[in-house]
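> How does the following fold in three dimensions:
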Amino acid sequence: MKRTRIAALALLLVGFIGLTQAGDWPQFRGPAASGVTDESHVPTEWTKEKNIHWKVAIPGVAWSSPVVWGDKVFVTTAITDNQKKPRPFDYGGFAKKDFNFKDGKFPKGDFKGFPKGGFGNQKPPDAVYRWKVLCLDRDTGKVLWEKTAREGKPTIPTQAANTYASETPITDGERVYAYFGMHGIYCYDLSGNEIWKKDLGTYPMHFGFGTGSSPALADGKLFIQCDNEQKSFLAALDAKTGNELWRVDRPGKSSWSTPFVWKTKERTEVVCCGQQKVMSYDLQGKVLWEMGRIGGSFNASPAADTERIYFGNSGPMTGGQLFAVKASVSGDITLKDGEKSNAGVAWMRSNAGPGTASPLVYEGYVYVPERGAVSCYDAKSGEPAYQKERLQGARGFTASPWAAGGKVYLLDEDGTTFVIKAGKEFELLGTNKLGGEMFWATPAVSGGMLFVRGVDHFYCIRQ
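From the prediction side, this is the model:
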């Protein structure tokens, strides 16, 4: 009897461990697309030699972020022969650092104007690409399976810093969905069997920049925001079958923001940031609220708590605006001239918008990465705790920040992660350098491990 009880207890313990193993990171920015994890053993210190659990090379180039479910890590990539690596954004021969962003002036020197066709390319490359989905073992980095979703020539051009696999896949624990912008959506089960695929059409992007908006999931629906130069739309697909359930036209042209599924106490909505308006839809495609008169561009995605959603725009020469919209509002909440709040908008701050990296909401504050700096605002009032605090040696931030254990992490494009103390007082706790390659993908956190993707290597960091 005693042995039976011990055996039963052991089985119960094993079951408990299985049920409580570390949280998953199923989409861009993880659970609730928040960038926040409640795991207690998140790595805080690392270098190229220290705390590297494994390091592998992923073929091709991509800025899609890794996603994690259980013991599986999913990544996407696009591969071609004689492939060039992405390079930082080039302002017609001058680096971003050469600009005087304060007064919007071009640098001195022999400036010959922007490249023909804008910053991007006019035509897609005359080369065959292979768009792939890979599944890796979380503990070893070994490739468990890889599938070629599509093979052929790209249908649109892309800018030299972008890739043809910049959208982050998403999983619901039964299927993984890989979206490659104008090159289709592909659904697999977790063993790598294709379930369905879908082509939503090909549309031109501003200046040939390429695409970057990742899919979102809610209520068995896969949401695709496709803001482009010809016919912008938001579409909902049945996650099981790929059948298109509805599609609504959107105002404005190209944007790269990911739709945000916002779950509040009253409802679930899909918030889409675009060139002319920010709009929220219910799960059937009906507009719940909209906010117009917004200039600049939207590269960053929103962040939210249960009371407010935070988003901002940017321009190459200006700081843009940062907004906080209240939960459960309806109708047109556009700010009038001179207004910084109204019945639907909690607050607005000028010269505070994010660039490409999304804002982070954590423990009552909103953190906004900027060009080599970070700002922190009170989430309720919008009042600054600190603004544009310089991070010594930091380059631009494209990867979005994450938070754990009272710390905020910011990864710059050179592979240095700046760790700051959460709260109203700025305090730099440390810097962790990988370096040696370009880092634009947002990391994932799962099982006490940090998954960081560079242009050449994929790292698993473990304390």
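
> So, low pLDDT: which residues of the stretch 1-150 of the chain?
Within the stretch 1-150 of the chain, the stretches with pLDDT under 70 are 1-22, 89-121.

> residue boundaries of the helices in it?
Along the stretch 1-150 of the chain, counting by DSSP state H, counting those that start in this stretch, helices occupy 2-19.

> Do a quick rundown of the strands in it.
For the stretch 1-150 of the chain, applying DSSP state E, counting those that start in this stretch gives strands covering 52-56, 67-69, 72-79, 90-91, 94-95, 129-137, 143-152.

> residues in contact with the last one?
For strand 143-152, the external contacting residues (Cβ atoms under 8 Å, 6 or more residues apart in numbering) are 72, 128-137, 178, 180, 183-184, 186, 188, 191-192, 194, 197. Just so you know, the C-beta spots here come from the backbone N, C-alpha and C atoms, and that holds for glycine as well.

> swap in stretch 337-347?
289, 291, 308, 323-326, 329-331, 333, 335-336, 348-349, 380-382.

> re earlier: just the buried members of the contacts of strand 143-152?
Among those, those classed as buried by neighbour count (16 or more other Cβ atoms under 10 Å) are 72, 129-136, 178, 180, 183-184, 186, 188.

> now the strands of the stretch 1-150 of the chain as TSV including distance to F207?
Shown next, in TSV, are those (distance: least, Cβ to Cβ, whole Å):
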stretch	distance to F207
strand 52-56	34
strand 67-69	29
strand 72-79	20
strand 90-91	12
strand 94-95	17
strand 129-137	21
strand 143-152	24
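
> So what does G252 have for phi and psi?
The phi/psi pair for G252 (degrees, to the nearest 10) reads phi 80, psi 170.

> What's the end-to-end length of stretch 136-150?
Separation of the first and last residues of stretch 136-150 by Cα to Cα, to the nearest Å is 20 Å.

> Off-centre distance for that stretch?
21 Å (Cα atoms, centre = their mean, to the nearest Å).

> now do stretch 69-77
Chain-centre distance of stretch 69-77: 16 Å, with Cα atoms, centre = their mean.

> what's that stretch in contact with?
Outside stretch 69-77, the residues that touch it by Cβ under 8 Å, 6+ apart are 21, 24, 26, 58-62, 64, 66-68, 131-139, 144, 165, 167-169, 171, 173, 176, 178, 180, 190, 444, 451, 453, 458.

> In PyMOL, how would I select the buried members of the contacts of stretch 337-347?
The PyMOL command for the buried members of the contacts of stretch 337-347 (criterion: 16+ other Cβ under 10 Å) is given here:
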select buried, resi 289+291+308+323+324+325+326+329+333+335+348+349+382
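
> beta partners of K421?
Counting by DSSP bridges, K421 is bridged to K407.

> Enumerate every residue touching it.
Applying Cβ under 8 Å, 6+ apart, one finds that K421 lies in contact with 406-408, 427, 429.

> can you put those in JSON lines and add pLDDT?
Shown next, in JSON lines, are those (pLDDT from 0 to 100):
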{"residue": "G406", "pLDDT": "97"}
{"residue": "K407", "pLDDT": "97"}
{"residue": "V408", "pLDDT": "98"}
{"residue": "E427", "pLDDT": "98"}
{"residue": "L429", "pLDDT": "97"}
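
> Which single one of those residues is nearest to G296?
Set against G296, the nearest of those by Cβ to Cβ is V408 (24.7 Å).

> Next, the distance between the ends of stretch 37-51.
The stretch stretch 37-51 measures 20 Å between its terminal residues, going by Cα to Cα.

> Actually, stretch 447-457.
End-to-end distance for stretch 447-457, by Cα to Cα: 20 Å.

> Show me which positions of that stretch end up buried.
Using 16+ other Cβ under 10 Å as the test for burial, stretch 447-457 gives 447, 449-455, 457.

> ok, now stretch 245-255?
245, 248, 250, 252-255.

> for the strands of the stretch 1-150 of the chain, which one sits closest to S301?
Closest among the strands of the stretch 1-150 of the chain, once you apply Cβ to Cβ, is strand 67-69, at 15.1 Å.
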